[in-house]
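K.L.:
When you get a sec, could you give me coordinates for this:
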Amino acid sequence: MIRLEGVTFRYEDMQMRFDVAFPKGSFTAVIGPSGGGKSTLLNLIAGFEAPEQGRVLIGGADVTALPPHQRPVSMIFQDNNVFAHLDLWQNVALGVSPSLKLDMAQKARVEAALAEVGLGALMQRKPGEISGGERQRVGVARALVRDRPVLLLDEPFAALGPAMRKDMLELVTAMSQARDLTVVMVTHQPEDALAAARHTAYLENGRIVALRPTAELFAAEDLPGLHAYLGDWRSAKL
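P.N.:
This is a model prediction of the structure:
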């Protein structure tokens, strides 16, 4: 369970406030206009931003004052922070230890994670020698070896084409279900929310306006801001 209680954060002239809970094992998408606070929401959960007021709780524990590395959270960004000078095995091993000094059991975890995302045969290659979709899989494998109960996704597949994005969503969904992860995914693609998320939150101007079952949210008639945001997509789908 992730809970934000009266969490406030100011960015330039926008005062954000979050009161929201994401149940344990849930997969929630977060959509909304650019600049509305979606990435800030993830950063507050992960600890990259500190709230002015309020509390962030994960699994019932107050983590508001904890730095990112002490929170039970993994986060996958759009660029995945893949290091070009390291091979794939080393890039994933960073999720276990920044020093890359691993014992035998930890090395086995890295190899198992690479195999699980379909990169077992490529572990000695550098990121420049593989495709964009395969580089995204490195980020997923790194999250696997971290073995944290919360996974945050900040538009990690935005640069991929539809077919590859679908493959990556299926991979993350299967991984989250197998490990009972709590997943919060920021996306600008309604199709991604429909494909992967049981619930979706619509966020604008630093507030979560609605959090509902995904199909129900997209069909809602009482959210003019959401209608404007979805535009022609909603007209074509409904």
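K.L.:
what residue lies at the spatial centre of the protein?
P.N.:
Among the residues of the chain, the one closest to the centroid is Leu153, at 1.3 Å (C-alpha atoms, centre = their mean).
K.L.:
Tell me what the residue lying closest to that residue once chain neighbours are set aside is bridged to.
P.N.:
Take Leu153 and drop its neighbours on the chain: the residue closest to it by C-beta to C-beta, 6 or more residues apart in numbering is Met185, 4.0 Å away. Every C-beta, even on glycine, is put in place using the N, C-alpha and C of the backbone. Bridge pairing for Met185 (DSSP bridges) gives the partners Ala29, Leu153.
K.L.:
one step back: tell me who's in contact with the residue nearest to the centre of the chain.
P.N.:
75-76, 172, 183-187 (C-beta atoms under 8 Å, 6 or more residues apart in numbering).
K.L.:
what would those residues look like in CSV with distance to Pro67?
P.N.:
Shown next, in CSV, are the contacts of Leu153 (distance: C-beta to C-beta, whole Å):
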residue, distance to Pro67
Met75, 13
Ile76, 19
Val172, 25
Val183, 22
Val184, 19
Met185, 23
Val186, 22
Thr187, 27
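K.L.:
By neighbours, which of the residues you listed wins?
P.N.:
Using other C-beta atoms under 10 Å as the neighbour criterion, Met185 leads the contacts of Leu153 with 28 neighbours.
K.L.:
any idea how far Leu169 is from the residue nearest to the centre of the chain?
P.N.:
Separation of Leu153 from Leu169 (C-beta to C-beta, to the nearest Å): 9 Å.
K.L.:
So which bits of stretch 215-228 are buried?
P.N.:
For stretch 215-228, a neighbour-count test (16 or more other C-beta atoms under 10 Å) marks 217-218, 223, 225-226 as buried.
K.L.:
My reading is that Val56 lies in a strand. Confirm?
P.N.:
Yes: secondary structure of Val56 (DSSP: H, G, I helix; E, B strand; the rest coil): part of a strand.
K.L.:
re the thing from before, isn't the residue nearest to Leu153 up against Arg198?
P.N.:
No: with contacts counted by C-beta atoms under 8 Å, Met185 stays clear of Arg198, the gap being 11.4 Å.
K.L.:
Can you check which residues contact both of these two?
P.N.:
27-28.
K.L.:
any low-confidence regions in the chain?
P.N.:
Scanning the chain for pLDDT under 70 picks out 79-80, 233-238.
K.L.:
burial count for Ala193?
P.N.:
Ala193, neighbours per other C-beta under 10 Å, totals 25.
K.L.:
So it, which state does it fall into?
P.N.:
Looking at Ala193 with three-state DSSP, the answer is helix.
K.L.:
Same question for Thr200.
P.N.:
Assignment for Thr200 (three-state DSSP): strand.
K.L.:
what's the spacing between it and Glu134?
P.N.:
Distance from Thr200 to Glu134, counting by C-beta to C-beta: 28 Å.
K.L.:
Repeat that for Ala65.
P.N.:
38 Å.
K.L.:
Thr28 now?
P.N.:
Separation of Thr28 from Glu134 (C-beta to C-beta) stands at 27 Å.
K.L.:
cool, and Val73?
P.N.:
24 Å.
K.L.:
Looking at the contacts of Leu153, which is nearest Val209?
P.N.:
Val209 lies nearest to Val186 out of the contacts of Leu153, by C-beta to C-beta, at 15.3 Å.
K.L.:
Which residues are in contact with the closest one?
P.N.:
When contacts are counted by C-beta under 8 Å, 6+ apart, Val186 is found next to 29-31, 38-39, 41-42, 153-155.
K.L.:
what residues are up against the nearest residue to it once chain neighbours are set aside?
P.N.:
Distances taken as C-beta to C-beta, 6+ apart place Lys38 nearest to Val186, at 4.5 Å, with adjacent residues excluded. Residues near Lys38 by C-beta under 8 Å, 6+ apart: 30-32, 186, 203.
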